[in-house]
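In: let's see this in three dimensions:
(one chain, ligands or ions: 3)
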Amino acid sequence: MRNPTIILSLKGLKKHYPIMGGVLRRQVNSVKALDGINIDIYRGECLGLVGESGCGKTTTGKTIIGLEDATHGNIQYFSNGGNENKPPVDISGMGRRGLKKSGIRAKLQMVFQDPTTSLDPRMLIKNIIAEPILALQRIGSRDLETRVLELLNLVGLTKDHYLRYPHEFSGGQRQRIAVARAIATNPEFLVLDEPTSALDVSVQAQILNLLKQLQQKLHLTYLFITHHLLVVKYISSRLAVMYLGKVVETAPTGELFRHPLHPYTHALLSGIPVPDVAHSRRRIVLSGDVPSPLNPPQACRFHTRCPFVIDVCRKIEPPIEEAVRGHKVACHRQSEVAKLVKEKFGQRAL
Ligand SMILES: Nc1ncnc2c1ncn2[C@@H]1O[C@H](COP(=O)(O)OP(=O)(O)OP(=O)(O)O)[C@@H](O)[C@H]1O
Ligand code: SF4
Ligand SMILES: [Mg+2]
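Out: Ligands and ions are numbered 1, 2, ... in the order given. From the prediction side, this is the model:
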């Protein structure tokens with residue numbers, strides 16, 4: 001029996017970008033941007049996806065919504081709308097045309113980091129927002145105008161903004177327009193790829209609050225991608241930590257911050273500034289750079305940087321498994337890590 005609350009289930013998902021070389025331009029290697037992702041996304045949640053630059057966060061989002069084709073594995077989409085007897089659809093091999101034709105593309109949308117580049121500067125706002133609606137259905141001009149105005153209103157803009165161009169808006173307003181465009185087709189699921197990191201700090205909170213309100217009002221499910229751990233702490237109910245094309249830990253947000261199990265998660269969390277000096281903690285500085293996704297380390301990918309590496313880590317890949325209810329981790333030493341961190345780094349509770 002499947003869990004009826006799952007909206008998307010990623011199983012063994014891989015995305016390898018081919019590297020061509022030589023006189024004949026043959027494939028000589030590949031960038032293993034995603035190399036076997038297993039994760040369930042639950043209906044109505046905001047799942048935060050964190051990890052260092054280049055670990056595969058954006059590729060995960062793009063592959064889910066069909067902007068990139070998966071190399072291997074599948075993405076099951078439970079579009080049942082509450083009907084448990086309706087089986088999931090494997091959307092991983094459908095391609096852009098297949099997703100569009102089946103109507104699924106409209107249900108899965110994405111908001112990108114930089115609204116300056118994601119909005120066409122030559123188009124009026126009304127056309128930017130209308131475009132995805134028109135791609136989906138035939139609609140009369142009066143109904144279209146009503147719908148676009150309704151969307152502007154939902155994101156906190158007004159009729160005054162309808163006949164303007166993107167350059168006439170601030171960064172925060174442009175991101176509101178990008179959100180209006182993303183929700184125009186009544187999606188169920190949104191990938192939010194660093195939606196506030198290109199904005200002034202003063203407007204970041206406004207956009208986060210808007211996203212929170214819209215999630216509730218429109219019953220949306222989010223995959224929220226960011227480098228910023230305090231942002232995901234605020235907005236996400238659950239977190240997934242990625243390292244070099246793999247998900248290494250998933251847990252409810254509070255649980256992950258209080259009881260991280262993976263050494264990499266400990267290192268990430270130790271980098272968050274703490275205002276209270278009495279509770280300051282030592283930063284866990286990892287040795288070496290992130291290895292190249294062209295030739296990632298065998299077995300546990302983190303073994304070249306892990307302070308607690310032992311022999312087995314270099315030989316056998318740790319599967320991601322449930323350690324405590326709702327908390328999964330991929331580490332051979334997960335039961336000892338908290339103790340090891342404390343011994344080595346004197347880390348206080350987070
Ligand atoms: N079109 C592409 N062709 C080749 N390699 C790519 C392509 N897109 C991404 N990559 C590579 O795949 C890996 C994952 O990239 P991705 O953009 O998903 O990382 P990210 O976690 O989103 O990073 P950031 O935090 O910097 O946005 C990186 O090594 C990147 O260089
Ligand atoms: S499996 Fe080994 S190398 Fe990998 S994170 Fe755990 S302890 Fe470190
Ligand atoms: Mg990215």
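In: so which elements touch the longest helix along the chain?
Out: Longest helix of the chain, by residue count under DSSP state H: helix 201-218. Applying 3 or more Cβ pairs under 8 Å, 6 or more residues apart in numbering; DSSP states H and E, we find helix 201-218 packed against helix 171-183, helix 229-235. Just so you know, the C-beta spots here come from the backbone N, C-alpha and C atoms, and that holds for glycine as well.
In: going by mean pLDDT, which of these comes out lowest?
Out: When the helices and strands packed on helix 201-218 are ranked by mean pLDDT, helix 229-235 comes last with a mean of 92.
In: could you point out which element follows it?
Out: The first helix or strand that comes after helix 229-235 along the chain, using DSSP states H and E, is strand 238-243.
In: show me what counts as buried in stretch 164-173.
Out: Using 16 or more other Cβ atoms under 10 Å as the test for burial, stretch 164-173 gives 166, 169, 171, 172, 173.
In: do me a favour and get the end-to-end distance for that stretch?
Out: Length of stretch 164-173, first residue to last, Cα to Cα, to the nearest Å: 12 Å.
In: check the offset of that stretch from the chain's centre.
Out: Distance of stretch 164-173 from its chain centroid, counting by Cα atoms, centre = their mean, to the nearest Å, is 25 Å.
In: got the residues of the stretch 1-150 of the chain near ligand 1?
Out: 17, 31, 33, 51, 53, 54, 55, 56, 57, 58, 59 (Cβ under 6 Å from any ligand atom).
In: quick one: name the residues of the stretch 251-350 of the chain near ligand 2.
Out: 262-263, 300, 302-303, 306, 308-309, 313, 318, 331-333.
In: among these, which lie within helices?
Out: 263, 313.
In: would you turn the residues of the stretch 251-350 of the chain next to ligand 2 into JSON lines with neighbour count?
Out: As requested, those are exported to JSON lines (neighbours: other Cβ atoms under 10 Å):
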{"residue": "262", "neighbour count": "26"}
{"residue": "263", "neighbour count": "27"}
{"residue": "300", "neighbour count": "26"}
{"residue": "302", "neighbour count": "25"}
{"residue": "303", "neighbour count": "21"}
{"residue": "306", "neighbour count": "20"}
{"residue": "308", "neighbour count": "18"}
{"residue": "309", "neighbour count": "17"}
{"residue": "313", "neighbour count": "22"}
{"residue": "318", "neighbour count": "21"}
{"residue": "331", "neighbour count": "24"}
{"residue": "332", "neighbour count": "21"}
{"residue": "333", "neighbour count": "19"}
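In: related to what we said a few turns ago, from the residues of the stretch 1-150 of the chain next to ligand 1, keep the buried residues only.
Out: Buried members of those, counted by 16+ other Cβ under 10 Å: 31, 33, 51, 55, 56, 57, 58, 59.
In: and the pLDDT at the third one?
Out: Which is residue 51. Looking at residue 51, its pLDDT is 94.
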